[in-house]
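**Student:** Got a predicted structure here, sequence first:
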Amino acid sequence: MREPLPARRQSETLRIDVDGQTFHVTFGCYDDGRIGEIFITSPKASQTFAAIQAADAAVATSLALQYGCPIDVLRSAFLRTAADQPAGVLAAALDAIAQT
C-alpha cells in the first residue's frame with residue numbers, strides 16, 4: 001500500500017555532476033526521516049535526453065519508496081562501473097543522498 005508523504009515535509013537539494021552535466025537532486029522526507037520522493041532536474045534551459053530519463057527514473061523511484069522499497073535495495077540494483085562508481089544519473093543521485 002502506498003504511503004503518501006505529508007503535505008509539509010523536509011526537503012534538501014544537492015548538486016551532482018555526471019559525465020560533465022550538472023543535475024539538481026531534491027529529495028523529500030517523511031516525518032521519521034525516511035526518503036519518500038526524489039526529483040532530478042537539469043539547470044540547463046534545453047534538457048538532454050539523459051536529463052529527461054533521469055527525471056522519469058526519479059519519479060519511478062519515488063513511487064517505489066512510497067510503496068515501501070528500501071532505498072538501499074534500490075541503490076544496489078542500479079548499474080555500477082568496474083571502479084564501483086554509479087553508471088547513471090539516478091545511481092549517482094542515490095549515492096549523493098546516502099552521503100548526506
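**Tutor:** Yep, that arrived.

**Student:** how many other residues sit next to the residue nearest to Leu63 when sequence neighbours are not counted?
**Tutor:** Here the nearest residue to Leu63 in space, its sequence neighbours aside, is Arg2; by Cβ to Cβ, 6 or more residues apart in numbering that works out to 7.6 Å. Quick note: C-beta positions are derived from backbone N, CA and C, even for glycine. Counted by other Cβ atoms under 10 Å, the residues lying close to Arg2 total 8.

**Student:** Which of the helices or strands spans Asn28?
**Tutor:** Let me fix one detail, which is that residue 28 is Gly and not Asn. Using DSSP states H and E, Gly28 sits in strand 21-29.

**Student:** ugh, wrong one, Leu90
**Tutor:** Counting by DSSP H and E, the element that carries Leu90 is helix 89-98.

**Student:** pLDDT at the residue nearest to Leu63, what is it?
**Tutor:** According to the predicted model, the pLDDT of Arg2 comes to 96.

**Student:** doesn't it fall inside a strand?
**Tutor:** No - the assignment for Arg2 by DSSP: H, G, I helix; E, B strand; the rest coil gives coil, which leaves it out of any strand.

**Student:** What lies in contact with stretch 13-21?
**Tutor:** Residues lying outside stretch 13-21 but in contact with it, judged by Cβ atoms under 8 Å, 6 or more residues apart in numbering, are 22-27, 42, 44, 48, 50-51, 86, 88-89, 92-93, 96-97, 100.
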